[in-house]
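Visitor: I'll drop the sequence and a predicted model, then ask my questions.
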Amino acid sequence: MASKIEDYGVIGDGRTCALIDKHGTVAWLCVPRFDSDACFASLLGREEHGEWLLRPVTPVRAVKRRYRPDTLVLETEITCDEGKVRLIDFMPVRDRSTVVRIVEGLEGEVAMYFDLAPRFGYGVDLPWVRPDLDGFAFLAGPEALRLEGGGRFDVKLAHVISEFRVRPGQRIAWSLESFPSHEAPTRGLDQEALLRDTESRWRAWTSRCTYHGRWRDEVMRSLIALKALTYEPTGGIVAAATTSLPEELGGERNWDYRFCWIRDASLTISALLLGGYRDEAKRFRDWLLRAAAGDPAQAQIMYGVAGERRLAELELDWLPGYEGSKPVRVGNAAHQQFQLDIYGELMDTVWQAFSAKAFSGHDEGAEIAHGLMDFVELAWQRPDEGIWEVRGAGQRHFTQSKLMAWVAIDRAIKLADGGFGDERWQGRRRRWSVLRDEIRRDILDHAFDAELGAFTQSYGSKALDAAVLQIPQHGFLSATDPRMLGTVRAIEKTLLRDGLVRRYATETNVDGLRGDEGVFLPCSFWLADNYALQGRLHEAEQLFERLVSFQNDLGLLSEEYDPHRKRLLGNVPQAFTHLALVHTASIIEGEARRRAATPASPAQP
């Protein structure tokens, strides 16, 4: 049975990630890319679906984990009846994804058990295991793995097994390399040298961070998670490293997040620039413009890591799902939806990158942006499936979608004022200004419900939606505008569960799905943003600290949280959540500095 979601750590190499639980089991690995078939899939099934065990034989008394400072090198100290060992797990940066595992004896002489059992094709394809000089090769179709390292092994039913003892000061290392089955594997890898190189690379990257605020550790760990979710060959950033970890235990809300969402774009750029990572921001901006190039009417809400557009959704019926949560899905049918908000995200990204001087504004990006604006002018009045990608209720005029149409026009005007693009940008500014006012009036007339005193989920609806908490962030209204104050009050009254924010009320069946879901962590961070911007700084800090407390012992967060069971839910690590954490830390600190710099008003007589 899989461990709790919060019990997993992640290691990565800029191409894919592996998940390892507290007991030393690698339970998830897709090679050679994030969205490739998994060769270890016990996370979504059972041990027969592929995993790599490395653990003491005798009963375990205590486990303590950490990442080596400012790296993604995972250390797990395990105390058992016979003594103590340290597991060191990491993925070096190479052309071929490789998992390296080292066991180090700390106290006593500890008997260890090693069991490597890859199962290709998400756990269904049993490999041919063959001896290969000082290791073993695992072959099944186009992909292969090769194990190399110390110890004596037995092969039983496609398991490579070893039992050995480790003494204090002794270190034993293994590497598992992914390679195309028609090519030769790499031999003679020096695992200790790879460890030194991996640490050096991570520390060189983290040393560039310019954020040194109050929550430096939490922000740095979130930035590292974001880096781990980056596909280095293209600069694309996946939403999470996993698929089908449920939003409700035992439920059907299980989705594949191993793709790159346009929606995360502006928040990604903001977080990277906050950390001082202009090069990464520029690479993501370049990926974004390449992926969205072509007919703007065909722009998708998500793409593959290299910009792929066909992300067909399948259900893997041989996998029982995480804690029985079925179906297990690969691919994502929502890529075919029309979602108006992505155009606002794209234009906000262009504006942020241009403002940060990440590009000149006179290259191909300006031409692509020009085409996007042509489409927004024609399409902003269309209904869509909205930010939450509803599947069963049809298209609606979602408030957040209209907000982002307004953002697209607003950012185009700001770009024109900044000298972006050619004479066409300047020539259209007046028309855009008129359109911006028109969209604004449309939102205020149709999305704000005077009876509720709040912005609603969609035009003519009485339902609330936490997505409207983004209104102040995008500059549409001040957080202290009476309409936003009323919206926050209504959300506090209707969408809070144990003080945390649900996206929307699932009982309205707006998403066409059965069951419920946990509270949505990014939305809870958005509420903290509003508290800070409304001057409720103490409440903002309290909520932020509570959200940070949901990080696991390694600083990782998923998408949702179950307050009743006190468990993380959804795919992990979740980029959207970590991006929201960085953004909220910045807002709270900025408001605290502004308040400190503002002279106190004189006392009234």
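Guide: Yes, it's here. Numbering: from 1, shown residues only.
Visitor: Please parse the chain into its domains.
Guide: Following automatic domain parsing, the chain resolves into domains at 5-182, 208-596.
Visitor: Would you single out the least confident of those domains?
Guide: Among the domains of the chain, domain 208-596 carries the lowest mean pLDDT, a mean of 93.
Visitor: Report the distance from that domain to the chain centre.
Guide: 11 Å (CA atoms, centre = their mean, to the nearest Å).
Visitor: Over to stretch 205-219?
Guide: Chain-centre distance of stretch 205-219: 19 Å, with CA atoms, centre = their mean.
Visitor: for stretch 588-600, which positions count as buried?
Guide: Going by neighbour count (16 or more other CB atoms under 10 Å), the buried part of stretch 588-600 is I588, E589, E591, A592. For the C-beta atoms, the positions are set from N, CA and C on the backbone; glycine is no exception.
Visitor: ok, residues contacting it?
Guide: Stretch 588-600 has contacts (CB atoms under 8 Å, 6 or more residues apart in numbering) with G213, R214, W215, A528, A532, L533, G535, L537, A540, E541, F544.
Visitor: returning to that earlier point: between the domains of the chain, which gets nearest to W202?
Guide: domain 5-182 (3.7 Å; CB to CB).
Visitor: quick one on the thing from earlier: ok, of the contacts of stretch 588-600, which come out buried?
Guide: W215, A528, A532, L533, L537, A540, E541, F544.
Visitor: The last one reaches A528, doesn't it?
Guide: Yes. Under the criterion of CB atoms under 8 Å, F544 makes contact with A528 at 4.9 Å.
Visitor: tell me, what's touching the two both at once?
Guide: Taking CB under 8 Å, 6+ apart as the contact rule, the neighbours common to F544 and A528 are T584, I588.
Visitor: Buried residues, stretch 464-475. List them.
Guide: Here stretch 464-475 shows L464, D465, A466, A467, V468, L469, Q470, I471, P472, Q473, H474 as buried, counting by 16+ other CB under 10 Å.
Visitor: Kindly check the end-to-end length of that stretch for me.
Guide: Taking CA to CA, to the nearest Å, stretch 464-475 runs 20 Å from one end to the other.
Visitor: re earlier: in CSV: the contacts of stretch 588-600, plus secondary structure and distance to Q400.
Guide: Output for the contacts of stretch 588-600, formatted as CSV (DSSP: H, G, I helix; E, B strand; the rest coil; distance: CB to CB, whole Å):
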residue, secondary structure, distance to Q400
G213, coil, 29
R214, coil, 30
W215, coil, 27
A528, helix, 18
A532, helix, 20
L533, helix, 18
G535, coil, 24
L537, helix, 26
A540, helix, 22
E541, helix, 26
F544, helix, 23
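Visitor: Kindly indicate which of those lies nearest W261.
Guide: For those, the closest approach to W261 (CB to CB) belongs to A528, at 22.0 Å.
Visitor: just the strands in the stretch 501-605 of the chain please.
Guide: Along the stretch 501-605 of the chain, counting by DSSP state E, counting those that start in this stretch, strands occupy 519-520, 560-562, 567-569.
Visitor: Correction: the previous question concerned the stretch 51-200 of the chain.
Guide: For the stretch 51-200 of the chain, strands defined by DSSP E, counting those that start in this stretch occupy the ranges 51-56, 60-67, 74-80, 83-90, 98-107, 110-117, 128-132, 135-140, 143-149, 154-156, 159-166, 171-180.
Visitor: What lies in contact with whichever helix or strand S270 is part of?
Guide: Using DSSP states H and E, S270 maps to helix 265-274. Contacts to helix 265-274, defined as CB under 8 Å, 6+ apart, come from residues 211, 219, 222-223, 226, 237, 278, 280-281, 284-285, 288, 345-346, 348-349, 352-353, 356, 358, 575-576, 578-580, 582-583, 586.
Visitor: And stretch 184-199, by the same measure?
Guide: The contact list for stretch 184-199 (CB under 8 Å, 6+ apart) reads 68, 71-73, 88, 90-93, 96, 98, 100, 102, 132-135, 137, 144, 146, 148-149, 171, 173-175, 177, 179.
Visitor: Tell me which residues of it come out buried.
Guide: Buried residues in stretch 184-199, counting neighbours by 16+ other CB under 10 Å, are found at P185, L189, Q191, L194, L195, T198, E199.
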